[in-house]
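Colleague: Got a sequence here, can you model it:
(chains A and B)
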Number of protein chains: 2
Amino acid sequence: MGVVVSLDEKKNTTGSVQPLVDLTKADMGRVNELILSKAGSDVEMIPEVANHLISSGGKRLRPMITLAAARMFGYQGDGHVKLATSVEFMHTATLLHDDVVDESDLRRGKSTARMIWGNQASVLVGDFLLGQAFKMMVDVGSLDALDVLATSASIIAEGEVMQLAAAKNLETTEDEYLAVIKAKTAALFSAAAEVGPIIAAASRTDRQALRSYGLNLGLAFQLVDDALDYGGNAKDLGKNTGDDFREGKITLPVVLTYRRGTSEERHFWKEALENGANDDKGLEKAKGLMTLYGALNDTIQRARHFGGIARDALAPLDRSPEKDALLEVIDFCISRVN
Amino acid sequence: MGVVVSLDEKKNTTGSVQPLVDLTKADMGRVNELILSKAGSDVEMIPEVANHLISSGGKRLRPMITLAAARMFGYQGDGHVKLATSVEFMHTATLLHDDVVDESDLRRGKSTARMIWGNQASVLVGDFLLGQAFKMMVDVGSLDALDVLATSASIIAEGEVMQLAAAKNLETTEDEYLAVIKAKTAALFSAAAEVGPIIAAASRTDRQALRSYGLNLGLAFQLVDDALDYGGNAKDLGKNTGDDFREGKITLPVVLTYRRGTSEERHFWKEALENGANDDKGLEKAKGLMTLYGALNDTIQRARHFGGIARDALAPLDRSPEKDALLEVIDFCISRVN
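Modeller: Below you'll find the predicted structure:
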């Protein structure tokens, strides 16, 4: 498939999440136990809905980052396990609400919770997980960590509303798009990374380094995700290729292709994304235009740009297995496209 | 109207919210300022949606309770204003999500946010307000207050899911109904009251007194609300009478009337609430059966029972203007039916 090949050509790094997985294995075992226990409730529907999403095979990148970022600065307690679980619950709650907002049918190749239990259960179980997340944070007792995570919760919601307001508006600029993904995706990566040094009582500089790492990794991650939505297939990605197209989402590949196109092509985009002419034939045409204008490659190029900033954010820190693993994750996020 | 008259006959207390309003007037001015400021965002849709609900004429009972409960124990700082605002935001977020879950068209006689801006904005702005609420709590810096409020957030969501699972199930028992309203309504009243003595560094006994007051006041409040849904009119209540009936909600008036009825009447209820035969004629018949079996009066009687417990919870405390005002609120909540 042309689009995929064109991404392949740009492959110049390989990265793996494996070192991070190995390093955090024992701690992630405790996170997984805590997830199951805190998603429990006498109200049957709650663990059913929660476990549907929790067990659906996400990589749990965010909690692993929290764990590594705490260990990196010598943290010895068990607060990092609770904070990592809180981060994953915040993420899960966001996914549950997102699927309702986006009216998504599939996530990672499985029916979304809202398709099985309805929008109502998805909204409410999301709220429950958010409440449980805050309880765990309170339990850890660090007001600084609470502040960072509560702030990110507000920012994420703000980003989602921003995205909703920008939906189906093809005049969205690259800057506006970046503001959306910074809020809706990068803010949680940033908070997940920053709470590590916070509970390890690391320095202000260390906090800033991890915050910047998380923020820029999150931007790179989302950019690649948005490129993948036009360049892979549902089986590989565990998501529907073309979801963003069908939902009329304005992502960077679209922004670039629209801006670079002819007025006739811009008419096509308006019909497709603003007026719902978004069938499979439309999707193929969209992919063709993206290839023509190099929009997917340039989206990945932008991801590399932020990946580089994430790398430099960690540069001054002493070498450690955690640092190495976190650096590999940057390449992993970007090389997912291959 | 027969139903209203039958409630009138039981009138034996009058209460007013006015003493509480007067006592908390200055502090509530600051709460209202903080509400406007913290519901603000550069993302235009957020203040629009938030202010629609915030300005829709709710009594703000919950934040006033927090303010009075803090002052009652001599609190002199400004944390109570932030906690009161957090409590109101948690309540507003719940309403936004509830309207989506219940598919409600009207609230307090106005179109719901979801009818104007859509379900999506209601879900996301609710999430934003919840995030802002937690940020303000963190700002106050009391981990005990955070714990109480975060716990209530989980419990509220759990109660809503419980209600969703029990929806349209006429075999719901009174105990199950009580468990739902304890979680979805009383938990926030309880937390709103308890955080007052917490930030005032009052004794454990004082905390327990206020927690019990809030919990039982909340139960009484919800019971009366559920009776009013079958016994007033939209203009008086600022809500649609019969909303619960049309939404197939199983509230205590229904539970009692169903259990006390003939098998033919139980068939009527099943058709109406489980199978959607819930037009205006059905509503009139429902009201008639409730009057026949004394279900509305008995629902109010239950409310009086919990009101009495709330009253006794405060009994050991020294007399103060705040205590007097909080006691009057109990009677006010119950005498709303007249």
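Colleague: So, low pLDDT: which residues of the stretch 151-300 of chain A?
Modeller: For the stretch 151-300 of chain A, applying pLDDT under 70 flags the ranges A:232-240.
Colleague: Which positions in it make contact with chain B?
Modeller: A:151-158, A:160-162, A:164-165 (CB under 8 Å from any CB of the partner chain). Just so you know, the C-beta spots here come from the backbone N, C-alpha and C atoms, and that holds for glycine as well.
Colleague: Tell me how many other residues surround the closest residue in space to A:A313 that isn't next to it in sequence.
Modeller: Distance criterion CB to CB, 6 or more residues apart in numbering or on different chains; nearest residue to A:A313, sequence neighbours excluded, is A:S212 at 3.8 Å. When neighbours are defined as other CB atoms under 10 Å in any protein chain shown, A:S212 has 18 of them.
Colleague: Next, A:S212: secondary structure please.
Modeller: Under DSSP: H, G, I helix; E, B strand; the rest coil, the three-state class of A:S212 is helix.
Colleague: Quick check: it vs chain B, distance?
Modeller: To chain B, A:S212 is 21 Å away according to CB to the nearest CB, to the nearest Å.
Colleague: separation between that residue and B:A227?
Modeller: 57 Å (CB to CB, to the nearest Å).
Colleague: same question, A:E160
Modeller: 38 Å.
Colleague: Show me the residue at the heart of chain A, geometrically.
Modeller: A:T185 (4.9 Å; CA atoms, centre = their mean).
Colleague: That one contacts A:F221, correct?
Modeller: Yes. Counting by CB atoms under 8 Å, A:T185 touches A:F221, with 6.6 Å between them.
Colleague: Return every residue with contacts to both of the two.
Modeller: Listed as contacting both A:T185 and A:F221 by CB atoms under 8 Å, 6 or more residues apart in numbering or on different chains is no residue at all.
Colleague: in the host helix or strand of A:A145, what's buried?
Modeller: Here A:A145 is covered by helix A:143-166, with elements defined by DSSP states H and E. Buried residues in helix A:143-166, defined by neighbour count with 16 or more other CB atoms under 10 Å in any protein chain shown: A:143, A:145-166.
Colleague: name the helices or strands packed onto it?
Modeller: Helices and strands touching helix A:143-166, by 3 or more CB pairs under 8 Å, 6 or more residues apart in numbering or on different chains; DSSP states H and E, are helix A:79-102, helix A:113-140, helix A:174-181, helix A:187-199, helix B:45-54, helix B:113-140.
Colleague: does chain B sit close to the helix or strand where A:E33 lies?
Modeller: According to DSSP H and E, A:E33 maps onto helix A:25-38. No. Using CB under 8 Å from any CB, we find that helix A:25-38 stays clear of chain B, coming within 9.2 Å at best.
Colleague: Quick check: the gap between A:I155 and A:A186.
Modeller: 9 Å.
Colleague: residue in the stretch 201-338 of chain A nearest to chain B?
Modeller: Scanning the stretch 201-338 of chain A for the residue nearest chain B gives A:E247, at 11.4 Å (criterion: CB to the nearest CB).
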